[in-house]
Each structure stands twice: as structure tokens, then as C-alpha cells.
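Trainee: Could you work out the structure for the sequence below:
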Amino acid sequence: MLDTTVYIDSAKGKLPASIMALVASYTIIHSAVAACEIATPIGHLNPSDPRTATTAPPLRGLIDAMPPTRIASPSSNAWIEAGIIAGICTGTQNYGTEQRRKLLNDALIFLSAIESQAVLISGNISDMDLLLHFRPAARVLLYRKLGTDQR
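Mentor: Numbers count the residues shown, from 1 in each chain. This next block holds a predicted model:
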């Protein structure tokens, strides 16, 4: 399963070749939450802004390339657990509203991967590391995008 970061980093040319090769060699399960995160900016675009004509089609193309039969949605249990995790982190990590919303989405993708028995591929190292404290047995492959510090 791909985290939203994989789609974004791929589109920006920042996805490492090893991750691109891995993604190309396996059947991918897509996350409905990641699809939503990709689709949301389309709704924010101003139709009269000339940049919309070049911004919307690539985003729409990402979504259209996801076969509906390979899109996984989080279960009601995943929604509840993700809400609890986001709530805990709001207090323990001093997260504000925006950080809590982002972590909620990350938790939903993370838990969907567990439910789908999939390996989650993500460039969001800090949030996925945090989520792994809640579910250490989850299978997550983390990468650093090209052009970032390799410390």
C-alpha cells in the first residue's frame, strides 16, 4: 500500500529509484484515504485560475490510475483506533488541529495497510515512526526522498 507521500514524491521526481522499482514490481493496494488526500486539492482549485489547467489533470490522473478493485478503505474499527491515536498524540506530542488531522489520515492509511495485510511504503518517516509505537508489528517500508539530508 502506498502512502500519499509516494504519489507526491513520484510526481515531483523525488522518489528513489529503488522504491520506484519495488512499486513497479508488485501489485499495489491503494488507500482510499490517500486518494482523498490527492483529490482534496482539486476541490480547492479556482476554475478561472490558469494554473488549474496544468495542476488538476495530473492529480486526476493519479486517482484514475487506481483500479477501484484495489482501493482499500479503513474499517470502522480502524477509524476508532485512528481517532484514539490522534487524540493521544494531540496531548502527548502537543499537536494542534492541523497536525492532528494529518496524523488521523496517516493513522487511517497505516491501519488500512495492516487490515489489508500489506506493506505500507511511505516517505513520512516521523509520523510513521510514531505510529509504529502503537502497532510495532506493522510492516512499513520507509524511505528518504531524493534531495533530502541522509543523516
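Trainee: For the lowest-mean-pLDDT helix or strand in the chain, what is the distance to the chain centroid?
Mentor: Between all helices and strands in the chain, the lowest mean by mean pLDDT, DSSP states H and E belongs to helix 52-64, at a mean of 89. The gap between the average C-alpha position of helix 52-64 and the chain average comes to 17 Å, counting by C-alpha atoms, centre = their mean, to the nearest Å.
Trainee: Can you point out the buried residues in that helix?
Mentor: If you call a residue buried by 16 or more other C-beta atoms under 10 Å, then helix 52-64 has these buried ones: 59, 62-63. For the C-beta atoms, the positions are set from N, CA and C on the backbone; glycine is no exception.
Trainee: repeat for stretch 85-101
Mentor: Residues of stretch 85-101 classed as buried: 85-86, 89-90, 95, 100 (neighbour count, 16+ other C-beta under 10 Å).
Trainee: for these, which one is nearest Ala107?
Mentor: The nearest member of those to Ala107, counting by C-beta to C-beta, is Ile85 at 4.8 Å.
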